[in-house]
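1. need a structure here:
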Amino acid sequence: FLSCVLSEGAQSESTGSLVGTLDAALGVLVLVHPSPIGNCECTPLPQMASALKCATLRFDLSGCGESSGNPTVGAYERDAKDIREIVVHVRQTLQREVLGLLGFAEGGTAVLRYAARYHDVPNIITISARSTPNSSWFERCLTWAQVKQLNDTGTVDWCFVEPRGRKITLSVRKDEVTAWPDLGGLQSCDSTHFLVLHGSLDEQVAVSDAHALEGMLVGSASCELRIIPGVGSDWTPHQSTLSYAVSDWLWRKTRPTSSLVGFGTETAEMAPGAGLAQALEHRPSGFNIFVDNLSLQVKEIHAEARQKLPSMAMGDDDEGDVDESPLPSRSTSRLGL
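-> Residues are numbered from 1 along each chain as shown. Here you go, the predicted model:
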């Protein structure tokens, strides 16, 4: 039994409360939490589901939250099978397309294992994911006495509090801590696009893991690595930046080529001006630090502002009224598989 939460996405068109304008018809973005210390309510997944204007589905992995099973460290194969069950449920039961998978921390590693094994999801996003075997991440969760006990006896009792407030005690074996999934299949993901997000100050998972992952994905359809300056392992203060990075990347990966005219993909069939207007109408609002051509962005934002704010074209410096519209409502339902 897997406990799931399906969110249909915000419906309001207010750019003051949304980070993107993704088409709901694109499908469902599946969000995967870290295991075993998390569940579908752990930051930043609920905030991501509320911010993105597309359908999302987050769920409790086996042994976590309200799902059945026993919590286990290093259960990447089981987590990948859980993700497979969710993907099949979305496609066969909900009759929806899977837009992509997004995994945070250990959830990101589980998503990578899924991609390496099944090769059937077009977009993969990892946030602070480990891509190389290293047991030091777990040892940082223990005291020195516990680390010594783990090395001497091969087992240790590990206590933690999950996001819903439940206290968990696990008897962890050393072979579970050193367990690592086979990611060799990532080299043949030639139809999958990858976004790798990592904080420059991450003290739990070294930035070198993100660079190593980029090297593993040379055979993929595309791989975009973004190291976010000033961000550690805690993304709580940076949720708007994170949501915009994901929204903008998905927008660029799911737009038809014709809608990107004016952004360096102009064709003879469409006038550059018309393509630019069309792209500006649907692109997530705001300045995007995740696109390299910043000067073009400045021109685009200025052109959009001139169209929407006549006072700017007339040289009037008066500020417009502040949008005080309420946050968009979302339709959320809990499912059980």
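2. which residues touch Leu150?
-> The neighbours of Leu150, taking CB atoms under 8 Å, 6 or more residues apart in numbering as the test, are 139, 142, 156, 172, 174, 177. Every C-beta, even on glycine, is put in place using the N, C-alpha and C of the backbone.
3. helix or strand for it, which one?
-> helix 144-153 (DSSP states H and E).
4. for Asn134, which three-state class applies?
-> coil (DSSP: H, G, I helix; E, B strand; the rest coil).
5. what about it, distance to Trp235?
-> 20 Å (CB to CB, to the nearest Å).
6. just Gly69 next, same as before
-> Gly69 is 27 Å from Trp235, by CB to CB.
7. give me the more crowded residue out of these two.
-> Trp235 (23 against 16; other CB atoms under 10 Å).
8. quick one: pLDDT of the closest residue to that one other than its chain neighbours?
-> Leaving aside its sequence neighbours, Trp235 sits nearest to Pro44 (CB to CB, 6 or more residues apart in numbering; 4.9 Å). We have a pLDDT of 86 for Pro44.
9. how about Gly38?
-> 78.
10. for it, grab the count of nearby residues.
-> 24.
11. surely it and Ala110 touch.
-> No: Gly38 lies out of contact with Ala110 (CB atoms under 8 Å); the separation is 11.3 Å.
12. how much space is there between Asp182 and Leu170?
-> 24 Å.
13. give me the more crowded residue out of these two.
-> Taking other CB under 10 Å, Asp182 and Leu170 do not tie; Leu170 has more neighbours (18 against 11).
14. ok, and the closest non-adjacent residue to that one?
-> Leu170 sits nearest to Trp158 (CB to CB, 6+ apart), 4.9 Å away.
15. checking that neighbour next. Helix, strand or coil?
-> Trp158 - assigned by three-state DSSP - is strand.
16. quick one: contacts for it?
-> 73, 141-142, 146, 169-172.
17. picking that back up, so who does the residue nearest to Trp235 touch?
-> Per CB under 8 Å, 6+ apart, neighbours of Pro44: 104, 127, 235-236, 239, 242-243.
18. then Ser220?
-> Counted by CB under 8 Å, 6+ apart, Ser220 has contacts 186, 189-190, 192-194.
19. counting neighbours, which of those end up buried?
-> Buried members of the contacts of Ser220, scored by 16 or more other CB atoms under 10 Å, are 186, 189, 192-194.
20. so can I have JSON lines of those residues showing pLDDT and distance to Pro34?
-> Below are the buried ones among the contacts of Ser220 laid out as JSON lines (pLDDT from 0 to 100; distance: CB to CB, whole Å):
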{"residue": "Leu186", "pLDDT": "94", "distance to Pro34": "20"}
{"residue": "Cys189", "pLDDT": "94", "distance to Pro34": "22"}
{"residue": "Thr192", "pLDDT": "96", "distance to Pro34": "22"}
{"residue": "His193", "pLDDT": "97", "distance to Pro34": "23"}
{"residue": "Phe194", "pLDDT": "97", "distance to Pro34": "19"}
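21. Ala51: neighbour count?
-> Neighbour tally, Ala51, other CB under 10 Å: 22.
22. er, Tyr118 actually
-> Residues near Tyr118, counting by other CB under 10 Å: 15.
23. I figured it hits Arg84, correct?
-> Yes: here Tyr118 reaches Arg84: they are 6.5 Å apart, a contact under CB under 8 Å.
24. where exactly do the helices run in this protein?
-> 45-51, 76-88, 106-118, 136-139, 144-153, 174-177, 207-216, 239-254, 272-282, 294-308, 310-313 (DSSP state H).
25. residues contacting the spatially closest residue to Gly154 that is not a sequence neighbour?
-> Of all residues not flanking Gly154 in the chain, Lys174 sits nearest, at 4.8 Å (CB to CB, 6+ apart). Going by CB under 8 Å, 6+ apart, Lys174 touches 150-151, 154-155.
26. per-residue pLDDT, Lys174?
-> 82.
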